[in-house]
Structures are given as structure tokens and as C-alpha cells.
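[1] Show me the folded form of this:
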Amino acid sequence: AGQSTAHSIMVRKTLLAALLASASAVGLRVSERQKKERLTLTFVGSSKNATHYGDPADGCLKDETAVQVQGLGGDFCTPPCTGPLKSTCPTDVPKGVTAAPECALQDQGSGQGYCALVCIPGGHSGANQCGKATCKNVQLGIGICTYDD
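    Numbering: from 1, shown residues only. Coordinates of the predicted model:
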């Protein structure tokens, strides 16, 4: 349960040229009872994803946004880049993924960087694997892992 927001993105480090689109959020609704000041929590959303960079069809983690990169098929959950230089990405990845999380996307409007699993299209081992996602070519043998729906 969430709202979608369109974001345009472009590549950092000259790796990827893209637009960021669609955001979703998961949350809890809290209602208060008058007696004894008890709170009743109603669960209104869930994520089957246990790690970052999951399939948006299964729900994104609360610090992630569901995105689709212009010109690429599929979508993925992406957290914002963090740290003192805003260049750090979470390293918890879905099972079977060996592609590297990198701060590779940027929102043109806000300048906020976003993380993606950077891969090598056509690769079959090592750092080229996207688990259940597929590696989509962005430019010059550089790709991003996305989930096909």
C-alpha cells in the first residue's frame, strides 16, 4: 500500500543514463483506544523481500523505492545512497546475487543518488549474476539487474 512518484534519474560515474520512475512505501496505521491508552496496530502492507534490491512485486523494504529505468525492461527496489559522501550502498543482496551494489543512479531534481546492482550483460558467473533478476545492458557492457514481470 503506497503511492507512486515519478523520479527522473541519470547515471553517476558515467555508467548509466536513465530516468527514475515510480515509488512505493510500506507502513503501519496506528489507531488509539480511549481506554487505558492502548494502541491497536493494523498491518497494512508487507514485504516478502528480506534484503535490499528485491523484486517490487514482492514489496520493497521501507527505505527503498520501486523503480523502472527508462529504456530497460523490468524494475527493482532501490535504496538511496548514504554515508558522508552519499556514495555508500547496502550490501545485503537477494540469494544468488553476486553483482555489485553501487551508487549508480541519480535523481535529476533532488540530486539524491540511488543504488543499483551493476552487472555485466551476458556474463554467466562471478560478479555478473543477478539471482532471479536479469542483467539488462545500459551502455558499453555495463548493466543493471532488473526483475521481469
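
[2] any low-confidence regions in this protein?
    Segments of the chain classed as low confidence (criterion: pLDDT under 70) are 1-47, 123-128.

[3] where along it do the strands fall?
    9-11, 28-32, 39-43, 65-67, 76-78, 100-107, 113-119, 134-139, 142-146 (DSSP state E).

[4] The ones you listed: which one's closest to residue 54?
    Nearest to residue 54 among these is strand 76-78; the distance by C-beta to C-beta comes to 5.0 Å. The C-beta positions use only the backbone N, C-alpha and C, and glycine is treated the same way.

[5] Quick check: the closest residue to residue 60 other than its chain neighbours vs residue 53, distance?
    Closest residue in space to residue 60, ignoring its immediate chain neighbours: residue 77 at 3.6 Å, by C-beta to C-beta, 6 or more residues apart in numbering. For residue 77, the distance to residue 53 under the criterion C-beta to C-beta, to the nearest Å works out to 6 Å.
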